[in-house]
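1. quick check, what structure comes out for this input:
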Amino acid sequence: MQLSAPLWIITIGALVAASCSLVGCFLILRRMAMLGDAISHAVLPGIALAFLFTGSRNSFVMLLGAGILGMVTAFLVQLLTKNGGVRNDAAIGVTFTSLFAVGVVLISLYASNVDLDLDCVLYGVIEYTPLYRLILAGRDFGPQAFWQMAAVFALVVTTVTLLFKELKIAAFDPEMATAVGINATLLHYILMGLVSVTTVGAFEPVGAILVVAMLVVPPATAYLLTDDLKKMLFIAVTSGVLSSILGYFLAQWLDASTAGAMTIIAGAQFALALGFSPRHGIVPKRRAQKRLSREVGREDVLQVLFRHGEGSGDAKPLDAVGVAALARIEIGAASQSLQGLRRAGLVEGQNGGFALSAQGRKAAGELVHRHRVYESYLGELGYPEDHLHDAADRAEHYLSASLVEVVDEAAGNPQIDPHGRAIPHD
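-> Numbering: from 1, shown residues only. Next up, the predicted model:
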């Protein structure tokens with residue numbers, strides 16, 4: 001396979017990102033996002049023990065030792081969480097710091113004068129992956145890292161495809177999975193095995209920074225953008241691959257670390273999703289809150305105008321100051337609400353103030369009806385009279401027409417509210 005070095009780097013980065021993103025989605029759903037980080041630190045004693053037992057610095061031997069310790073880490077975290085009564089985040093922290101410390105001690109005691117190339121295994125340099133070739137029978141098959149990550153990706157895709165339904169149920173509700181006959185514990189260890197294989201398999205070619213980032217950031221981005229698991233997997237993989245492509249060119253432009261640049265792009269995508277996701281984004285939420293605040297304010301002003309003219313045909317129109325005083329809001333907010341209601345045709349100017357139009361009187365009557373019916377309903381439930389108004393004041397803005405009918409019937413279709421005021425009806 002003859003590709004240029006940049007294409008190899010992008011391809012290997014994309015395979016890492018896709019593999020990590022698929023596994024990371026299930027970690028995010030199970031609230032175990034930092035398990036990959038734990039494994040990346042906890043494998044150090046595995047590397048040290050592999051060298052001590054074999055005397056070899058062969059990459060395969062070290063990765064095998066790291067892989068075994070990765071599974072041990074996952075097992076210990078599950079043991080502490082399930083049987084030790086320790087919170088999951090605490091179990092992860094205790095496990096990886098303890099094992100990492102064991103690795104440091106082993107190396108300092110028995111291998112302090114040996115170059116184990118830990119930088120390569122733990123941090124990696126993706127820029128150099130095209131230099132280490134897989135040569136069989138004198139034939140060059142391309143970078144070893146490509147085939148290594150292609151095998152990991154194939155394993156992850158195959159496992160997720162075959163066990164998608166079971167993994168989905170176990171991720172959202174392990175108890176339900178057990179109830180329907182799914183071995184949730186076995187699935188947990190299968191998932192932890194995938195995490196270990198993916199994390200350790202990507203250490204040497206790309207390094208822990210990129211692996212941990214791709215396990216967490218693209219899945220977290222996808223989590224903000226959709227509530228459908230299949231779409232989440234697709235978005236996460238797309239985000240990871242895009243991070244690899246754009247990150248490479250960013251690194252070339254900045255003359256900086258490629259893995260770091262890929263992580264920066266992934267972080268930028270997460271920031272965009274956090275800010276502008278249609279359902280969970282900060283900006284859309286703020287806009288929705290402002291819109292809701294305006295709607296609630298206008299409805300409150302409608303009711304103030306309705307009550308002001310209630311039972312008196314010659315009530316003087318209210319100006320913004322009068323509305324603000326009765327609604328207990330700022331004059332500026334009252335003025336904005338009145339102008340909005342005027343544009344909507346619900347109020348009209350009269351004698352220097354504002355009064356309800358025919359359309360506005362109907363809308364205001366419906367709001368007052370909701371409020372007083374809900375007060376009557378709470379009164380039937382035995383709520384104290386001084387607790388009725390505030391509760392109804394909050395609920396009146398969210399009761400649908402069908403729910404109002406149910407509440408009205410439950411309250412006995414009252415004509416007078418608990419305060420002795422008439423309940424308007426169409």
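
2. contacts and neighbour counts: CA atoms only from here.
-> Fine.

3. checking Arg279 next. Helix, strand or coil?
-> coil (DSSP: H, G, I helix; E, B strand; the rest coil).

4. so it is in contact with Lys285, correct?
-> Yes: between Arg279 and Lys285 there is a contact under CA atoms under 8 Å: 7.4 Å.

5. how far away is His308 from Ala391?
-> 21 Å (CA to CA, to the nearest Å).

6. between these two, who's got more neighbours?
-> His308 (17 against 14; other CA atoms under 10 Å).

7. tell me which helix or strand the more buried one sits in.
-> helix 282-309 (DSSP states H and E).

8. chain center to that helix: distance?
-> Counting by CA atoms, centre = their mean, to the nearest Å, helix 282-309 is centred 29 Å from the centre of its parent chain.

9. ok, the closest residue to Asn88 other than its chain neighbours - contacts?
-> Counting by CA to CA, 6 or more residues apart in numbering, Thr81 is the residue found nearest to Asn88 once chain neighbours are left out, at 5.6 Å. Contact analysis of Thr81 by CA atoms under 8 Å, 6 or more residues apart in numbering lists Arg87, Asn88, Ala91.

10. which helix or which strand is home to the nearest residue to the last one once chain neighbours are set aside?
-> In space, not counting the residues next to it along the chain, Ala91 is nearest to Val77; the distance is 5.3 Å by CA to CA, 6+ apart. Per DSSP H and E, Val77 falls inside helix 59-82.

11. any chance you could list what contacts the helix or strand just after that helix?
-> Using DSSP H and E, the helix or strand that follows helix 59-82 in sequence is helix 88-110. The contact list for helix 88-110 (CA under 8 Å, 6+ apart) reads 32, 34-35, 38-39, 41-49, 52, 73, 76-77, 80-81.

12. for the stretch 251-400 of the chain, what spans make up the strands?
-> 347-350, 353-356 (DSSP state E, counting those that start in this stretch).

13. with respect to burial, which of those strands scores highest?
-> When those are scored by mean count of other CA atoms under 10 Å, the highest mean neighbour count falls to strand 353-356 (a mean of 22).

14. hmm, who's touching it?
-> Leu302, Leu305, Phe306, Pro317, Leu318, Asp319, Ala320, Leu338, Leu346, Val347, Glu348, Gly349.

15. who wins on neighbours among those residues?
-> Leu302 leads the contacts of strand 353-356 on contacts (other CA under 10 Å) with 28 neighbours.

16. give me the spatial nearest neighbour of it, chain neighbours excluded.
-> Ala364 is the one closest to Leu302 (CA to CA, 6+ apart), at 5.3 Å.

17. which is the next helix or strand following the least confident helix or strand in the chain by mean pLDDT?
-> Ranked by mean pLDDT, DSSP states H and E, the helix or strand of the chain with the weakest confidence is helix 118, at a mean of 52. Where DSSP H and E defines the elements, the next helix or strand beyond helix 118 is strand 133-136.

18. in that next one, what counts as buried?
-> Across strand 133-136, burial judged by 16 or more other CA atoms under 10 Å covers Arg133, Leu134.

19. same for it, what does it pack against?
-> Taking 3 or more CA pairs under 8 Å, 6 or more residues apart in numbering; DSSP states H and E as contact, the helices and strands that strand 133-136 lies on are strand 139-143.

20. tell me the contacts of Ser244?
-> Contacts of Ser244 by CA under 8 Å, 6+ apart are Ile10, Gly13, Ala14, Ala17, Met262.

21. what distance do you get for the last one to Val237?
-> Right, Met262. Met262 is 14 Å from Val237, by CA to CA.

22. one more: the second one?
-> As defined by CA to CA, Gly13 lies at a distance of 12 Å from Val237.

23. neighbour count: the two, which is higher?
-> Gly13 (33 against 27).

24. in terms of helices and strands, where is that one?
-> Assigned by DSSP H and E, Gly13 falls in helix 5-29.

25. what are the buried residues along that helix?
-> Buried residues in helix 5-29 (16+ other CA under 10 Å): 8-29.

26. could you do stretch 143-150 as well?
-> Taking 16+ other CA under 10 Å as the criterion, stretch 143-150 shows Pro143, Gln144, Ala145, Phe146, Trp147, Gln148, Met149, Ala150 as buried.

27. could you find the closest non-adjacent residue to the fourth one?
-> Residue nearest to Phe146 in three dimensions, not counting chain neighbours: Ile12, with 5.4 Å by CA to CA, 6+ apart.

28. so that neighbour touches Ala145, yeah?
-> Yes: counting by CA under 8 Å, Ile12 touches Ala145, with 6.9 Å between them.

29. right, and Ser196 touches Ile39 too?
-> Yes: if you go by CA under 8 Å, Ser196 and Ile39 touch, sitting 7.0 Å apart.

30. list residues touching both of the two?
-> Gly70.

31. looking at these two, which is more packed in?
-> Legend: neighbour count by other CA under 10 Å for Ser196 and Ile39, higher for Ile39 (29 against 26).

32. how much space between that one and Val72?
-> The value you get for Ile39 to Val72, if CA to CA is used, is 9 Å.

33. where does the protein dip in pLDDT?
-> Residue ranges of the chain with pLDDT under 70: 1-3, 55-60, 62, 84, 110-124, 204, 311-315, 426.

34. domains of it?
-> 5-278, 285-410 (automatic domain parsing).

35. in a markdown table, list those domains along with distance to Arg421.
-> Formatted as a markdown table, the domains of the chain follow (distance: least, CA to CA, whole Å):
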| stretch | distance to Arg421 |
| --- | --- |
| domain 5-278 | 43 |
| domain 285-410 | 8 |
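
36. nearest to Ile416, out of these?
-> domain 285-410 (8.1 Å; CA to CA).

37. and the closest one, how far out from the chain's middle?
-> 37 Å.

38. could you do stretch 228-235 as well?
-> The answer for stretch 228-235 is 13 Å, by CA atoms, centre = their mean.

39. pull out the buried residues from it.
-> Under 16+ other CA under 10 Å, the buried positions of stretch 228-235 are Leu229, Met232, Leu233, Phe234, Ile235.

40. show only the entries of those found in helices.
-> Assigned to helices by DSSP state H, the following of the buried residues of stretch 228-235 qualify: Leu229, Met232, Leu233, Phe234, Ile235.

41. what number of residues lie near Arg30?
-> Neighbours of Arg30 (other CA under 10 Å): 15.
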